[in-house]
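Undergrad: Requesting a structural model of the entry that follows:
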Amino acid sequence: MSQKVRVRFAPSPTGPLHIGGVRTALYNYLFAKKHGGEFILRIEDTDQKRYVDGAEDYIVNALNWCGIPFDEGPGKDGGHGPYRQSERKHLYKQYADKLISNGNAYYAFDTAENLDFHRKDHEARGKTFIYNWHNRLKLSNSLSLTKEEVQTKLDAGEDYVIRFKSPQDEKVILQDIIRGEIHIDSNVLDDKVLFKSDGMPTYHLANIVDDHLMKISHVIRGEEWLPSLALHHLLYDAFGWTAPQFAHLPLIMKPVGKGKLSKRDGEKLGFPVFPMSWQESKGYREEGYFSDAVVNFLALLGWNPGTEQELFSLSELVETFSLERVNKSGARFDPDKTKWYNQQYLQSRSNAELAESYAEILDEKLSSEQKSLDCARPGTLTKIVSLIKERAVFVSDFWQLSNYFFVAPSSYNEKASRKQWKEDSADIMSQLASVLEAIDDFSSENIETIVKAWITEKELSFGKVMPPLRLVVVGEMKGPHIFDILEMIGKEESIERIHKAHGILG
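TA: Numbering: from 1, shown residues only. So this is what the prediction gives:
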């Protein structure tokens, strides 16, 4: 690729960043890094009425949390700033004027009332009003008025917009990296407003000018911008500029039904649609997802690596990613699959790292007295994590899977009690408590050897001993190897739980 690769992610700060936007940013980042290029963040805030305070910071923080920080953008000047469109508005009028001077744009003085009248008139006749070649000479603009009339209106300070003059009877041929060759009949295009009466450019003009000035080589964006592709190509031609290459990404679809994924789908089905929490909406970070798991599942929502591989590190994604393998059709979002990804990443984390995260949860769950237990200490906590993590999807699952290590059961599963606690169970457990009391080396392996020898010596069945033992120690029939649990909670606590159960279960 001879041209320096420069791509941009250009969100509007109108609210939180949807995961569809995160995926767009991710694909831009992967493409830039694969080709040794730059990933630029540009804040498109020309629509000040929809600006939401805090949204820009949210976008930056979300990209950083995902591990895909921008190379250039607000606060990181790479020589092509400013990177907020509101700080660039002084640039756009000269480019709108240039299009007027070369005949590719014109002043339009039509009032909102006049345009509304034409729309309703067309609707009454079963037609759609489009402001373009077939009616622009009948409307109030610099193509239908004399130079003197136009100048008079400008001198009088009348409101105007600057519209692009779409060509007539042309076949516009467009290239898209993902979708191939696209043919558009120019007669169906309307004369889009490029510059508004309030002195601000519309998205179309600002977008093209900024991409050109920032030397953007590839525009990778959502397919919702496909209808604008013809206009954007025509604008590049009108300026005499070389257009970047375009790639329009498929939508992320609802888990069920038709249409693209929305915040409402997440609320209805109970999964996040934002990378981080925003107001009352929880994000993937707060729900306990690992950022690299989020990046991994987003990468495969619309991109096919061409192999059966599903788990990719960020560096592997950079190496493998290509726009040519991005699908044209929408990718259906699967909440269960996102959990599967998180589970895989949890299993790959070291026990020590997970224990650190779990320790934060225990700080909230345990009293100061309980925190002094051996189980809550770093080395022991790491071992507990090793025993339970294969059954967890999130670190937050650890408490439900291991609370019995830290807190003795206060009740016992009713169904398990009826099934496992027999008439002689209390006597057997009392004898077992004495056996445990006599053990000096209270390691899992040694406890198991001694207890099994005792069971054999007493000619008891394992079913008479092991299930009731698990019930009194855990409170229900769950958990890892019972002798590992006994080692973790220690001799004194093990015996105390047996005696406590005796009093409750009889």
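
Undergrad: what does the domain assignment say about the protein?
TA: The record, using automatic domain parsing to delimit domains, assigns the chain the ranges 89-248, 263-347, 349-402, 414-505.

Undergrad: So which of these is nearest Gly20?
TA: For these, the distance to Gly20 is smallest for domain 89-248, at 6.8 Å, taking C-beta to C-beta. No exception for glycine: its C-beta is placed from N, CA and C like everyone else's.

Undergrad: Contacts only, for the closest residue to Leu226 other than its chain neighbours.
TA: Here the nearest residue to Leu226 in space, its sequence neighbours aside, is His248; by C-beta to C-beta, 6 or more residues apart in numbering that works out to 5.0 Å. By C-beta atoms under 8 Å, 6 or more residues apart in numbering, the contact list for His248 reads 176, 178-179, 221-223, 225-226, 229.

Undergrad: Return the members of the residues you listed classed as buried.
TA: Among the contacts of His248, those buried by neighbour count (16 or more other C-beta atoms under 10 Å) are 176, 178-179, 221-223, 229.

Undergrad: mind checking how far Leu115 is from Gly126?
TA: When distances are taken as C-beta to C-beta, to the nearest Å, Leu115 and Gly126 turn out to be 19 Å apart.

Undergrad: Repeat that for Trp278.
TA: Taken as C-beta to C-beta, the span from Trp278 to Gly126 is 44 Å.

Undergrad: coming back round to it: could you dump the domains of the chain to a markdown table with mean pLDDT and distance to Thr46?
TA: Conversion of those to a markdown table gives the following (pLDDT from 0 to 100; distance: least, C-beta to C-beta, whole Å):
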| stretch | mean pLDDT | distance to Thr46 |
| --- | --- | --- |
| domain 89-248 | 95 | 5 |
| domain 263-347 | 95 | 22 |
| domain 349-402 | 87 | 40 |
| domain 414-505 | 94 | 57 |
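
Undergrad: now the strands for the stretch 251-400 of the chain?
TA: 252-253, 331-332 (DSSP state E, counting those that start in this stretch).

Undergrad: Check the offset of the first one from the chain's centre.
TA: The reference is to strand 252-253. The gap between where strand 252-253 is centred and where its chain is centred comes out at 12 Å by C-alpha atoms, centre = their mean, to the nearest Å.

Undergrad: ok, now the last one?
TA: When distances are taken as C-alpha atoms, centre = their mean, strand 331-332 is centred 14 Å away from the chain's centroid.

Undergrad: Which strands border it, and is each parallel or antiparallel?
TA: Listed by DSSP bridges, the sheet partners of strand 331-332 and their directions read strand 252-253 (parallel).

Undergrad: if we can go back for a sec, could you point out which of the domains of the chain sits nearest Leu30?
TA: Taking C-beta to C-beta, domain 263-347 is the member of those nearest to Leu30, at 4.1 Å.

Undergrad: Which residue, other than its chain neighbours, is closest to Asn304?
TA: In space, Asn304 comes closest to Arg325 once its chain neighbours are excluded; the distance is 5.3 Å by C-beta to C-beta, 6+ apart.

Undergrad: The one you found touches Thr307, doesn't it?
TA: No: between Arg325 and Thr307 there is no contact, the gap being 10.5 Å when judged by C-beta atoms under 8 Å.

Undergrad: the more surrounded of these two?
TA: Arg325 (13 against 7; other C-beta atoms under 10 Å).

Undergrad: still on that earlier bit, neighbour-wise, which of Leu115 and Gly126 wins?
TA: Leu115 (15 against 6).

Undergrad: how close does the more buried one sit to Ala105?
TA: Note on Leu115: its distance to Ala105, by C-beta to C-beta, is 18 Å.

Undergrad: What is the three-state secondary structure of Leu231?
TA: Assigned by DSSP: H, G, I helix; E, B strand; the rest coil, the conformation of Leu231 is helix.

Undergrad: That one and Ile208, how far apart?
TA: Leu231 sits at a distance of 9 Å from Ile208 (criterion: C-beta to C-beta).

Undergrad: out of those two, which sits in the busier spot?
TA: Ile208 (27 against 20).

Undergrad: which ones are touching that one?
TA: Ile208 makes contact with 232, 235-236, 239, according to C-beta under 8 Å, 6+ apart.

Undergrad: of those, buried ones?
TA: For the contacts of Ile208, a burial check counting by 16+ other C-beta under 10 Å picks out 232, 235-236, 239.

Undergrad: Adding secondary structure, write the residues you listed out as a markdown table.
TA: Below are these laid out as a markdown table (three-state DSSP):
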| residue | secondary structure |
| --- | --- |
| His232 | helix |
| Leu235 | helix |
| Tyr236 | helix |
| Phe239 | helix |
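
Undergrad: From the residues you listed, pick the one nearest Leu143.
TA: Each of the buried ones among the contacts of Ile208 was scored against Leu143 by C-beta to C-beta, and Leu235 proved nearest at 18.2 Å.

Undergrad: Excluding residues flanking it in the chain, which one is nearest that closest one?
TA: Counting by C-beta to C-beta, 6+ apart, the nearest residue to Leu235 once its immediate chain neighbours are dropped is Ile208, at 4.7 Å.

Undergrad: would you turn the contacts of Ile208 into TSV with distance to Asp77?
TA: Putting the contacts of Ile208 into TSV (distance: C-beta to C-beta, whole Å) gives the following:
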residue	distance to Asp77
His232	26
Leu235	26
Tyr236	26
Phe239	25
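
Undergrad: Can you name the two of these that sit furthest apart?
TA: His232 and Phe239 (11.0 Å).

Undergrad: any chance you could read off phi and psi for the residue nearest to Leu235?
TA: Reported as degrees, to the nearest 10, the phi and psi values for Ile208 are phi -70, psi -50.

Undergrad: ok, now Ile162?
TA: Recorded main-chain torsions at Ile162 are phi -110, psi 120, according to degrees, to the nearest 10.

Undergrad: Setting the sequence-adjacent residues aside, check what's closest to it.
TA: Using C-beta to C-beta, 6+ apart and skipping the chain neighbours, the partner closest in space to Ile162 is Phe195 (3.9 Å).

Undergrad: so how many other residues sit close to that neighbour?
TA: Other residues within reach of Phe195 by the criterion other C-beta under 10 Å amount to 26.

Undergrad: I'd like to know which elements the helix or strand where Ile173 lies is packed against.
TA: If you go by DSSP states H and E, Ile173 is part of strand 171-176. Secondary-structure packing of strand 171-176 (3 or more C-beta pairs under 8 Å, 6 or more residues apart in numbering; DSSP states H and E): strand 180-185, helix 229-239, strand 245-249.

Undergrad: Quick one, which of the ones you listed gets closest to Ile40.
TA: Scanning those with C-beta to C-beta as the criterion, the closest one proves to be strand 245-249, at 15.7 Å.

Undergrad: Hey, what's the angle from the closest one to helix 229-239? Just curious.
TA: Orientation check (axes from the mean of the first three to the mean of the last three C-alpha atoms, to 10 degrees): strand 245-249 against helix 229-239 gives 160 degrees.

Undergrad: relative to strand 171-176, how tilted is strand 245-249?
TA: Using the same axes, to 10 degrees, the direction of strand 245-249 lies 70 degrees away from that of strand 171-176.

Undergrad: Just the angle for strand 245-249 relative to strand 180-185, thanks.
TA: Direction vectors for strand 245-249 and strand 180-185, defined by the same axes, to 10 degrees, enclose an angle of 100 degrees.
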